[in-house]
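In: Predicted coordinates and the sequence they were generated for:
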Amino acid sequence: MMHVRIDSLRGILFESDVESLTVGTKSGEITVLPNHRSLMTSLRPGAAKVIDANGDEKYFEVKSGFLEVKNIKSGTFLTLLVD
Amino acid sequence: MASLNNLKKRINGVKSINQITAAMELVAATKMRKAQEAALASRFYAFDALEILGNITNYLAKSGMEIGKTFFSRPVEKTLLLIVTSDKGLVGSFNSSILKKVEKFLKENEEDFKAGKFSFVTVGQKGTDYVRRLGVEPLGHFSNYGDIVDVEEIEELTEILNRGYQRKEWDRIVSFSMNFTSALSQEVVERQILPFEATQIRKTVEEVVPNTGRYSELKAEIAKRRATETLDYIMEPTPVEILDDLLPHLLKVQVYHLMLEANASEHSSRRVTMKNASDNAHDLTNELTLAYNKTRQEMITKELGELTGTVAAITQNI
C-alpha cells in the first residue's frame, strides 16, 4: 500500500491509500507501485490514473505538474502537484 | 426650522442608505470568508511545492551539481512594480495606504524612476489610474480580480511577470499589496517576488497556516511526511530541468496567495467601512427623527396657541 495525495491550487483533489498510480511524465508513462524508489519528475499533459484497494480506477486531469515519490521508513508517499 | 416634509424625506433617504450599507457589509463579510477559505485550500499545494524545491536543492547540493541561479539572484538593473489595489471605492483607506507606500518607494528611488528603470503592472482600476497619473502606461493592467481571484485568472499575470523576467526586461519584481493578518488588521507590504528568496516564499506560505487553533494540526501532518535524510532520488529528466519547471509554479503560488490576501483585505476593509457607514446612518436617523418630532410638536403647540387665542378673542367680543 502506498499513500497518494493529489494537490491543486484549489485544494486537495484526492488523498488515500492506493495500489498503483499511472501518470505521463516528460520521459514517458510510468506506473508507480508500493516500495518504488524515491523519484522526482515533471508531468506532461494527460490523465493520472489511480487504482485503489478495491480495484476501482479514478482519473484526474493533468495540465502540468510534478510527481514526487518518497520511499521512507514509514511507507511510500506520493505527492502529485497538478494544475 | 426645516419643514416636516423635508425632514421626512431626509429620514427616508438616510434609512435607505442604511439598508444598502448594511447589505454591503454582509456581502463583504461573506466574500472575505471565501477568500480566506480559498487561501487555506491551496496551502497543501504550496507546502508540497516548497518541499519539492527543498528536496531538489538538497539533492543538487549533495551531488555537487550547479543550480541554475537565474531565479535566485542576479544584478538588478531594472525593476518591475506590481501594484495590487481594488477596482471599486468604498473601502476606506485601503487603496490610499497602498498608493502612499508606492509613492514613498518612488520618492526614495527617484533617480531610478526618472531614468526609466521602473515599469509597472497593476491589478485593480485604482492602481491603474494612479500609474497613469504618474505619466506612465502600465505594461499590463488587470481588473475584475476583485471578488475572489481564480487560479486561471492569474495565469496571464504570472505569464507576463515571468516572461519579462526571462527576457531580462526587468531583474526584480517588487509587489505592493495589502497583507491580511486578521479581519480587523491589515497592513501594506512591499515584497520581492523575483528573484526568489526561499525564506520569503516559506514565510508567505506559513503565514497561511495559523500556529494555534483551527487548521493548526496541519503542521504536524506535514512533519509526518517529511523525509529526515536526503533521499536518493531518481530525477527525470534531470534535476535542473525539473527545477526550471518548478520555479514558474512557485511564482504562480506566490502570486495567487498575494492576490487572495489582497482580496480578503479588500473585503474586510469594505466590511469595516460599511459598518461605520451603517452606524453613522443609524445615528443620523435618530437625530433626524428627534428633529422631526420636535418640529411636529412645535407646530401642534403653535396651532393650539392660535386656537385658544382665537377662542379667547371671539368670547371677549361676545
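Out: Ah, there it is.
In: and the gap between B:Pro237 and chain A?
Out: To chain A, B:Pro237 is 5 Å away according to Cβ to the nearest Cβ, to the nearest Å. Glycine gets a C-beta too; all of them are placed from N, C-alpha and C.
In: Contacts only, for that residue.
Out: The contact partners of B:Pro237, by Cβ atoms under 8 Å, 6 or more residues apart in numbering or on different chains, come to A:26-27, A:41-42.
In: Also near chain B: which of the residues you listed, exactly?
Out: Here is what survives when these are matched to chain B using Cβ under 8 Å from any Cβ of the partner chain: A:26-27, A:41-42.
In: buried subset of those residues?
Out: With burial judged by 16 or more other Cβ atoms under 10 Å in any protein chain shown, the buried subset of those is A:41-42.
In: farthest-separated two in the ones next to chain B among the contacts of B:Pro237?
Out: A:Ser27 and A:Ser42 (9.2 Å; Cβ to Cβ).
In: Can you tell me the closest non-neighbouring residue to B:Gln11?
Out: No Gln there; residue B:11 is Ile. With Cβ to Cβ, 6 or more residues apart in numbering or on different chains as the criterion, B:Ile11 has its nearest non-adjacent residue at 4.8 Å, and that residue is B:Leu288.
In: wait, I meant B:Leu250
Out: Of all residues not flanking B:Leu250 in the chain, B:Ala49 sits nearest, at 5.7 Å (Cβ to Cβ, 6+ apart).
In: I'd assumed that neighbour was in a helix, is it?
Out: Yes - assessed with DSSP: H, G, I helix; E, B strand; the rest coil, B:Ala49 lies in a helix.
In: Relative to B:Val149, how far out is the residue in chain B that chain A sits nearest to?
Out: As assessed by Cβ to the nearest Cβ, chain A sits closest to B:Ala41 within chain B, at 3.7 Å. Taking Cβ to Cβ, to the nearest Å as the measure, B:Ala41 falls 13 Å from B:Val149.
In: ok, these two, which is more surrounded?
Out: Using other Cβ atoms under 10 Å in any protein chain shown, the more surrounded residue of B:Ala41 and B:Val149 is B:Val149, with 23 against 17.
In: Hmm, the more buried one is touching B:Asn263, no?
Out: Yes - B:Val149 lies in contact with B:Asn263 (Cβ atoms under 8 Å); the separation is 5.9 Å.
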